[in-house]
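1. what shape does this take:
(2 chains)
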Amino acid sequence: MAAIAPTVTAADLRGGSARRRRETVIRRTFGAAAAISIVISAIIIVSLIGNAVSFLRQIQLSWLFADGWFPRRNEFSIPTLFIGSAVVAGIAMVIAVPLGLGSALYLSEYARPRARRMLKPVIELLAGLPSIVVGFFALTVISPDLVQRLVSRATFFNLAAAGIGVGILSTPLVATVAEDSLRAVPRGLREGAYGLGARRRTTSARVVVPAATSGIVAAIILGLSRAVGETMVVLMVAGGTGGSAFTLDPFGPGQTATGAMAALAIGSDQVKGAGPAFQSLFFVGLLLFALTFSLNVVSERFVRRARRHG
Amino acid sequence: MIDRDATAGAVAAKLRTGHADVAGSVFAGALVATLVASVAILVVLLWDVFRRGVPVLADRGADFLAAGPSSFPAEAGIGAALAGSIVMMAIVAVVAFPLGVGAAVYLEEYARDTWLTRVIAANVRNLAGVPSIVYGILGLVLFVDALNRLINIRDLGSLLSGGLTLAVLVLPIVVITTSEALRAVPKSLREAAFGVGATRWEVIRHHVLPAAAPGVLTGIVLSLARAFGETAPLLLVGATGAFFATGNASFMGKLLTTAYSAVPIQILNWAVDPNPAFKSLAAAGIVVMMVILLLVNGVAIWLRDRYERAW
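-> Residues are numbered from 1 along each chain as shown, chains lettered A, B, ... in the order given. All right, here's what the predicted structure looks like:
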């Protein structure tokens, strides 16, 4: 009984040296795994910038503002691609914002718990839909049965069909992010509104939605970023795989930044591996990366603001 | 001075009128309509794909699942693509999951709140939002070119570079979902373990990870599903229709280093083929893919419901 040490020092509590060494090794291993995300970003940026610069060295800058995007003919019109992306993303947002926000508001403010439990998985299923499936749907239904039926002059491959398909893919993202922010609005605000005699619509539209504005804006920006980055639907149905002239007409064929990259990659415009045409892939990729990256940073700002005020 | 009785009477009268709340009903109706539209899109899409695809599957049966690519619609199947996808999923599992879970454990359990930690966390969130085709560029530069130099792969594309590209693509998703699962484990659990003298690793190994396991597994399964359906990056790292590769993958080394295909790539090739017979094959391929994805998602939901604990 007498063997108890009179004082316990910090050294006694530290544990054996082998145990401590193991701790250090494990901590460093996990730290290295975390650092890999930085390495990945660095490699993406370096490989994009390096190849983009070597592309710019090989061309005349006026080629970037040619009449259209025809890599084979050294016409690398950047406006053609990004206006095409804007048209597709704009149409996508016309679909995704009302559908996404409406669904989110209904699920968070109106749906009873049982209805919510049944409807939420549908949104999740929509979110898990591979883009190739929507691309096929755009090819077999949206373009011939919707766009061409409504607009008789529309060609089979058109930007509108691509935009609608991309909108379908962006809708669940807008819906889930917006719903999260709506549900984060404190109960007390709703109860205060009801206590003043406000109806459900007034409470939703005048109290809950304004309180969740930051999150809703973040949802819309994230949806936009997703729409700009979507590739397969555009590749399959926009009709720009062989290049495209500058166009603002959503009912004719066109090309987007992502579609152009995919077309270069599969060599549908016969340029794979050859000179500046293939390397333009990296330049377009760099611009696309910069655009979506800024959109994500802005939406992150809004999410953080929503958290602070929520 | 307010006349209390008059006010009370006015309020009571107002409450009694019971006007139909027309604007409110219209508003609610509009919200329901948006939800119905979203559901309807999904239903029409699935109906269209199944209507086209199921007859092919009923007609060909196992032959469609086993056969390799062919330029004759009656002989073409999804076998080689399925084999390619399965091998790539295995690569994703081996590469992305230890790295992703490790990174999340570091960020949530070890790292102090420094600017570096915050930069890494923000960077991971941003990587999750990078368009998938940009990951294709990364794969092209890093895995196709570098692997070629390193181990001299003859062919431009290989399953290995495809799998590694997909692994990098889902890595941020694994980190984010794992972090969320770790954050949901209450602090008291850790403190109790520290209190009886466990080291940080022992706390993580014996208490935090087991408690977070359902959430971590769900995230892993969902990111596998994401990788399985991803098409765009594979276009850049050399997945082809594999008209020359056969489904006969007896020699693994060969499978890893020669031209390959994946289910979504095969579907793409069939979908854009001018021969309409291939359209039905594409639909049949989509049916196969959707069934696999439903099974995978079902596993995720089952894991979540079976093991999730509320703290």
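
2. around chain B, which positions in the stretch 51-200 of chain A sit nearby?
-> A:51, A:98-99, A:101-103, A:105-107, A:110, A:119, A:121-126, A:128-137, A:139-141, A:168, A:171-172, A:175, A:199-200 (CB under 8 Å from any CB of the partner chain). For glycine as for every other residue, the C-beta is placed from the backbone atoms N, C-alpha and C.

3. in helices, which of those appear?
-> Counting by DSSP state H, those place A:51, A:98-99, A:101-103, A:105, A:119, A:121-126, A:131-137, A:168, A:171-172, A:175, A:200 in helices.

4. weed out the non-buried ones from the residues you listed.
-> Among these, those classed as buried by 16 or more other CB atoms under 10 Å in any protein chain shown are A:51, A:98-99, A:101-103, A:105, A:119, A:122-126, A:131-137, A:168, A:171-172, A:175, A:200.

5. report whether whichever strand or helix holds B:F50 contacts chain A.
-> Secondary structure from DSSP states H and E places B:F50 in helix B:22-60. Yes. Contact of helix B:22-60 with chain A (CB under 8 Å from any CB) involves B:23-24, B:27-28, B:30-35, B:37-39, B:41-42, B:44-45, B:48-49, B:52.

6. can you map out the strands along chain A?
-> Secondary structure of chain A (DSSP state E): strands at A:68-70, A:75-76, A:244-245.

7. one more: the stretch 101-250 of chain B?
-> For the stretch 101-250 of chain B, applying DSSP state E, counting those that start in this stretch gives no strands.

8. pLDDT weak spots in it?
-> In the predicted model, the stretch 101-250 of chain B carries pLDDT under 70 at residues B:148, B:151-157, B:239-250.

9. mind giving me the domain ranges of chain A?
-> Following automatic domain parsing, chain A resolves into domains at A:14-58, A:61-309.

10. picking up where we left off before, for ChimeraX, what selects the buried ones among the residues of helix B:22-60 next to chain A?
-> Remark: buried members of the residues of helix B:22-60 next to chain A, expressed as a ChimeraX selection using 16+ other CB under 10 Å:
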select /B:27,28,31,33,34,35,37,38,39,41,42,45,48,49,52
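
11. show me the contacts for the residue of the stretch 151-300 of chain A found nearest chain B.
-> Nearest residue of the stretch 151-300 of chain A to chain B (CB to the nearest CB) works out as A:G229 at 2.7 Å. By CB atoms under 8 Å, 6 or more residues apart in numbering or on different chains, the contact list for A:G229 reads A:258, A:288, A:292, B:130-134.

12. so how far is A:A86 from it?
-> Note on A:G229: its distance to A:A86, by CB to CB, to the nearest Å, is 13 Å.

13. and if you look at A:G254?
-> On the measure of CB to CB, A:G254 and A:A86 end up 11 Å apart.

14. between the two, which is the more surrounded one?
-> Ranked by neighbour count (other CB atoms under 10 Å in any protein chain shown), A:G254 and A:A86 place A:G254 first, with 31 against 16.

15. A:G240 is in contact with that one, correct?
-> Yes. A:G254 lies in contact with A:G240 (CB atoms under 8 Å); the separation is 5.5 Å.

16. which residues do the two both contact?
-> Common neighbours of A:G254 and A:G240 (CB under 8 Å, 6+ apart) are A:G84.

17. residue contacts, the residue nearest to A:F283 when sequence neighbours are not counted?
-> Sequence neighbours aside, A:A52 is the residue nearest to A:F283 in space, at 4.2 Å (criterion: CB to CB, 6 or more residues apart in numbering or on different chains). Taking CB under 8 Å, 6+ apart, we find A:A52 in contact with A:279, A:282-283, A:285-286.

18. hang on, the earlier thing: relative to B:T231, which of the domains of chain A is closest?
-> Proximity to B:T231, assessed across these by CB to CB, is greatest for domain A:61-309 (4.8 Å).

19. go through the strands of chain A and find the least confident stretch.
-> Per-stretch mean pLDDT for those is lowest at strand A:244-245 (a mean of 82).

20. so for stretch A:259-267, what's the average pLDDT?
-> 84.

21. now stretch A:122-131
-> 88.

22. same deal with stretch B:292-305?
-> Rounded mean pLDDT across stretch B:292-305 is 84.

23. low pLDDT regions in chain A?
-> A:1-6, A:12-14, A:267-275, A:307-310.

24. which residue is nearest the middle of it?
-> Centroid-nearest residue in chain A: A:R226, 2.2 Å away (criterion: CA atoms, centre = their mean).

25. contacting residues for B:I220?
-> By CB under 8 Å, 6+ apart, the residues touching B:I220 are B:93, B:97, B:101, B:174, B:177.

26. okay, these in TSV with distance to A:S17 next?
-> Below are the contacts of B:I220 laid out as TSV (distance: CB to CB, whole Å):
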residue	distance to A:S17
B:A93	36
B:F97	32
B:V101	28
B:V174	34
B:T177	36
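
27. ok, of those, which come out buried?
-> Here, 16+ other CB under 10 Å leaves B:93, B:97, B:101, B:174, B:177 buried among the contacts of B:I220.

28. starting at the chain centroid, how far to whichever strand or helix holds the first one?
-> Read that as B:A93. Assigned by DSSP H and E, B:A93 falls within helix B:79-105. Once both centres are worked out by CA atoms, centre = their mean, to the nearest Å, helix B:79-105 turns out to sit 12 Å from its chain's centre.

29. out of the domains of chain A, deepest packed?
-> Stretch with highest mean neighbour count among the domains of chain A: domain A:61-309 (a mean of 21; mean count of other CB atoms under 10 Å in any protein chain shown).

30. mind giving me the domain ranges of chain B?
-> B:4-58, B:62-307.

31. A:I59 against A:A277, yeah?
-> No. Assessed by CB under 8 Å, A:I59 is found out of contact with A:A277, at 9.7 Å.

32. find the residues that touch each one of those two.
-> Listed contacts common to A:I59 and A:A277 are A:N74; contacts here mean CB under 8 Å, 6+ apart.

33. quick one: the most centrally placed residue in chain B from chain A, how far?
-> By CA atoms, centre = their mean, the mean C-alpha position of chain B lies nearest to B:R226, the distance being 1.9 Å. Per CB to the nearest CB, to the nearest Å, B:R226 is found 8 Å from chain A.
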